[in-house]
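In: need coordinates for the following:
(2 chains)
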Amino acid sequence: MKEQDEIEQLFSSSFDGFEKTPPLDVKAAIDASLFAAGSVNTEAPTKRRRGIIWWFTLAALIGLSGLGGGLFLSSRNSGNESNDSSGAISQVSKQNQDLENRVSKHNVKQNQVVDSINSTQTSSSNSSSNSSKEDIIMSSKTTIKKSNPIVKNVKGKSKSSLNGNLLRNGTGIKEKVFEPQNYISVEASTNNKLNEDESLTAVNANNDDEEQLAKNEISNNSNQKAVEAQSTKLDSSSVNTNETMNNTASNSKLPIPTDIKSQNNSPFSISIYGGMTYGLSSLTQPSTSNFEMKEALGFSSSVEVNYALNSRFGFGVGVDLNSRMDNFYTYEATTDSAYVGLMPQYVYDPQNTDSIIDTLYVEEYNLTTTTIEQSQFIRHTSFALPLTFNWNLYTKGKWNYGLATVVRLSYVNNKLVSNEQNLEIPEFKKFSARLSLRPQVMYSFDEFALGAYLNVGYDLIPTLQWTDIQRNRIDLGGGLFLRIQL
Amino acid sequence: MITKEVLTKFTQGDKGAFDSIYTAYSPGMFGICLRYTRCADDAQDVLQDSFIKLYNSREKFDVNLAIGAWIKTITIRTALNYIKENYRWVLTDDEMKFDQSVLDNENEIEYTELKNKLLLLLQKLPDGYRTVFNLYTVDNLTHKEIAEHLNISEGTSKSQYFKAKKMIALLLEEEKVEK
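Out: Have a look, this model is predicted:
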């Protein structure tokens, strides 16, 4: 203590009024900066170097704002598209209503339809255009179920020509382009009426196709064989489509393959992660020390905005909150002897072992070893910018398996909660970085997906720094997440 | 001697007045810069920045106050900013880490007096130790004030200070500096 006071005094007295004349070129540089060419410069010529962490942070913020802008534009576009599709829905509904009326009008004659088709074989050459049209409408009713495979095909392969045909009805309304994503929106909004709408839409398509076919056939006075072939085709198709219709009916709506969704919907999605985290630490320390580190279970949560580059890869940024309690401790073992009392020891006669010839009293002590744990608790809270690179490993149906590489740039707030026996307080670093791998599995339904993840991370920049102790920390964790497709 | 008239002219941007102030205070300020930085080159940079800042903020100066304290405050703050920006401000605990460049500079600057030896010793300290030690011991700031200046906790300031003193004691022993 005395030595320290001397040091303080030594330096304070030595440097009190300490002066040293600076080189002349310093003044010249100042003059050049301030009075060059008669003008006053306000900026110092010194080079400024910023820490790399700030560049990372800046890059992350720019990325975040860029994604935010993209999200905004994306949501605005999708809003316009949904408006368009809403218009299409109402138009289609109206047309379908008309068709439904027309179909129901002829439904009672459905049995006659088959007869009508059969009769066409014999009377097609004499039939008028009106009767043929009526027959075609009826025949299309019998092939309603055939429309489902077409719809699936449209969604799967985005055949715009077919989409156009789907919206064209028999009343001559103009062809309207129906984009796949609009179709999905239609499907999402119409819910239980979907099958009906699809069927009726398909009626239109079949109306057109069949009408055109019939016109050609009738106007050309086609022979019975051609009509028979057509009739056979319709019959066989109706058999095949029965299964499809049944499958469709069992589900409230048609399943949308995940890859199609990812192609047709916005590439942006938001994920909310929440889970627990546990750290395993190893301390590199001098052989004379015996410090250890253990952690209580912590929690981690994050919100990330993801952008899908394609069906395989994507990246994202977000915000992340983590909290945990670190326990830095050491054991000190002390051995002590506790007096038990005088214990008798008997001396036996060597000639007769049953005979005690003397009794000695010996002091007896119990050796006790006491281990005292000296602990230091540090509350660790970090706010991070996670930068993720997502890799879609495997997709089967609605299940998706992926792997994300995450770099977290964290601002850390460490707080000393308690410190027994005045253990050395580590330096609390404000910034840290962690690299982690996050395998995850999710199940998607509509625009949402629920999943579970694991997390294995390594602290690239530790947040606690002792004098002669190095800490290596591996972070293990897991939890659940919700993903919302935008 | 800097008169009130000179100060008034200085606040009006007079170069002659500024030159007078520079002549009067630059040696003292250079001493401060040497204490806070790793080497004389860095100290010159800090001194240059300090007087440029002094001139650019001249209109804020009240001529009735002592300009010496004002210049000293500007110089210390400039030095602290310089350390943060250029030394990748880290309050190291590793007492065995020394900046090799500082040791190299040892031959360049030949100090003969005790204070110059102490200055050289200060420059051997890690940046965090040197800064906190200077602020506390020589410039008489409290640990609370140091914590505010350096944006660290008060406990960290104390920890750095005691470690700095411990290291200085070792270096004094090695250098055999007469106390």
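In: any weak-confidence spans in chain A?
Out: Flagging of chain A using pLDDT under 70 yields the residue ranges A:1-4, A:36-265, A:421-422.
In: residues near A:Val319, how many?
Out: Counted by other C-beta atoms under 10 Å in any protein chain shown, the residues lying close to A:Val319 total 15. For the C-beta atoms, the positions are set from N, CA and C on the backbone; glycine is no exception.
In: return the residues in contact with the residue nearest to it when sequence neighbours are not counted.
Out: Using C-beta to C-beta, 6 or more residues apart in numbering or on different chains and skipping residues adjacent in sequence, the residue nearest A:Val319 is A:Val303, 5.7 Å away. Contact analysis of A:Val303 by C-beta atoms under 8 Å, 6 or more residues apart in numbering or on different chains lists A:270-273, A:318-319.
In: which helix or strand contains A:Val303?
Out: strand A:298-308 (DSSP states H and E).
In: one more: A:Gln345?
Out: strand A:313-348.
In: report the angle between that strand and strand A:298-308.
Out: 160 degrees (axes from the mean of the first three to the mean of the last three C-alpha atoms, to 10 degrees).
In: tell me where the model's unsure across chain B.
Out: B:88-113, B:175-179.
In: which residue ranges make up each domain of it?
Out: B:1-89, B:90-179 (automatic domain parsing).
In: adding mean neighbour count, write those out as JSON lines.
Out: Shown next, in JSON lines, are those (neighbours: other C-beta atoms under 10 Å in any protein chain shown):
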{"stretch": "domain B:1-89", "mean neighbour count": "18"}
{"stretch": "domain B:90-179", "mean neighbour count": "17"}
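In: helices along the chain, start to end?
Out: The chain I'm using is chain A. Using DSSP state H, the helices found in chain A span residues A:2-15, A:24-35, A:52-107, A:110-123, A:129-142, A:147-157, A:160-167, A:180-190, A:194-219, A:224-250, A:258-264.
In: that answer is for a different chain, and I need it for chain B
Out: B:4-11, B:15-36, B:40-56, B:67-86, B:100-108, B:114-124, B:127-133, B:143-150, B:154-175.
In: got the CA positions of the first one in CSV?
Out: To tie it back to what came earlier, the one meant is helix B:4-11. The C-alpha atoms that make up helix B:4-11 are tabulated as CSV, following Å, rounded to 0.1, in the frame of the first residue of the first chain:
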residue,chain,number,x,y,z
LYS,B,4,-7.0,39.4,-21.9
GLU,B,5,-6.4,41.5,-25.0
VAL,B,6,-4.6,38.6,-26.6
LEU,B,7,-7.5,36.3,-25.7
THR,B,8,-10.0,38.7,-27.1
LYS,B,9,-8.1,38.8,-30.4
PHE,B,10,-7.8,35.1,-30.3
THR,B,11,-11.6,34.7,-30.0
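In: follow-up on the earlier one: now render the helices of chain B as a markdown table, adding distance to A:Ile474.
Out: Output for the helices of chain B, formatted as a markdown table (distance: least, C-beta to C-beta, whole Å):
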| stretch | distance to A:Ile474 |
| --- | --- |
| helix B:4-11 | 60 |
| helix B:15-36 | 39 |
| helix B:40-56 | 39 |
| helix B:67-86 | 32 |
| helix B:100-108 | 33 |
| helix B:114-124 | 36 |
| helix B:127-133 | 28 |
| helix B:143-150 | 32 |
| helix B:154-175 | 27 |
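In: format those as TSV; extra columns: distance to chain A.
Out: Formatted as TSV, those follow (distance: least, C-beta to the nearest C-beta, whole Å):
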stretch	distance to chain A
helix B:4-11	12
helix B:15-36	4
helix B:40-56	5
helix B:67-86	6
helix B:100-108	13
helix B:114-124	4
helix B:127-133	8
helix B:143-150	11
helix B:154-175	5
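In: would you pull up the residue in the stretch 351-486 of chain A closest to chain B?
Out: Relative to chain B, the nearest point of the stretch 351-486 of chain A is A:Thr467 (4.2 Å; C-beta to the nearest C-beta).
In: now that residue. Its backbone dihedrals?
Out: phi -60, psi -50 (degrees, to the nearest 10).
In: how's chain A carved up into domains?
Out: A:2-36, A:79-255, A:260-334+A:376-485.
In: and A:Ser282, how many neighbours does it have?
Out: 12.
In: wait, B:Ala79 touches B:Ile32, no?
Out: Yes. Taking C-beta atoms under 8 Å as the definition, B:Ala79 is a contact partner of B:Ile32 at 6.9 Å.
In: ok, which of the helices of chain B comes nearest A:Asn413?
Out: Of all the helices of chain B, it is helix B:154-175 that lies closest to A:Asn413, at 13.4 Å by C-beta to C-beta.
In: for the closest one, packing partners?
Out: Under the contact definition 3 or more C-beta pairs under 8 Å, 6 or more residues apart in numbering or on different chains; DSSP states H and E, helix B:154-175 sits against helix A:2-15, strand A:427-428, helix B:114-124, helix B:127-133, helix B:143-150.
In: now do that helix against helix A:2-15: the angle between them, please.
Out: Using the same axes, to 10 degrees: helix B:154-175 against helix A:2-15 is 80 degrees.
In: distance between helix B:154-175 and the chain's centre?
Out: 17 Å (C-alpha atoms, centre = their mean, to the nearest Å).
In: need the CA coordinates for that helix. CSV is fine.
Out: Extracted C-alpha coordinates of helix B:154-175, given in CSV (Å, rounded to 0.1, in the frame of the first residue of the first chain):
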residue,chain,number,x,y,z
GLU,B,154,-16.3,2.5,-12.2
GLY,B,155,-15.1,-1.0,-11.2
THR,B,156,-13.2,-1.4,-14.4
SER,B,157,-11.5,1.9,-13.9
LYS,B,158,-10.4,0.8,-10.4
SER,B,159,-9.3,-2.5,-11.6
GLN,B,160,-7.3,-1.0,-14.4
TYR,B,161,-5.7,1.5,-12.1
PHE,B,162,-4.5,-1.1,-9.6
LYS,B,163,-3.2,-3.3,-12.3
ALA,B,164,-1.4,-0.4,-13.8
LYS,B,165,0.3,0.4,-10.5
LYS,B,166,1.3,-3.2,-10.0
MET,B,167,2.8,-3.2,-13.4
ILE,B,168,4.6,0.1,-12.9
ALA,B,169,6.1,-1.3,-9.7
LEU,B,170,7.5,-4.2,-11.6
LEU,B,171,8.8,-2.0,-14.3
LEU,B,172,10.4,0.3,-11.8
GLU,B,173,12.1,-2.6,-10.3
GLU,B,174,13.4,-3.8,-13.6
GLU,B,175,14.4,-0.4,-14.8
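In: angle of it against helix B:114-124?
Out: 120 degrees.
In: mind listing what the closest residue to A:Met325 other than its chain neighbours touches?
Out: With sequence-adjacent residues excluded and distances taken as C-beta to C-beta, 6+ apart, A:Met325 is closest to A:Ala296, at 4.4 Å. Contact analysis of A:Ala296 by C-beta under 8 Å, 6+ apart lists A:324-325, A:327.
In: can you pick the most crowded of those residues?
Out: Neighbour max across the contacts of A:Ala296 (other C-beta under 10 Å) = A:Arg324, 20 neighbours.
In: tell me how many other residues surround the closest residue to that one other than its chain neighbours.
Out: Nearest non-adjacent residue to A:Arg324, counting by C-beta to C-beta, 6+ apart: A:Gly298, 2.7 Å away. Counted by other C-beta under 10 Å, the residues lying close to A:Gly298 total 21.
In: got the phi/psi numbers for B:Thr142?
Out: Dihedral angles (degrees, to the nearest 10) for B:Thr142: phi -80, psi 170.
In: that one and B:Pro126: what is the separation?
Out: Counting by C-beta to C-beta, to the nearest Å, the gap from B:Thr142 to B:Pro126 is 22 Å.
In: ditto for A:Ser300
Out: For A:Ser300, the distance to B:Pro126 (C-beta to C-beta) stands at 34 Å.
In: repeat that for A:Phe15.
Out: 19 Å.
In: separation between A:Ile484 and A:Trp391?
Out: From A:Ile484 to A:Trp391 the distance is 20 Å (C-beta to C-beta).
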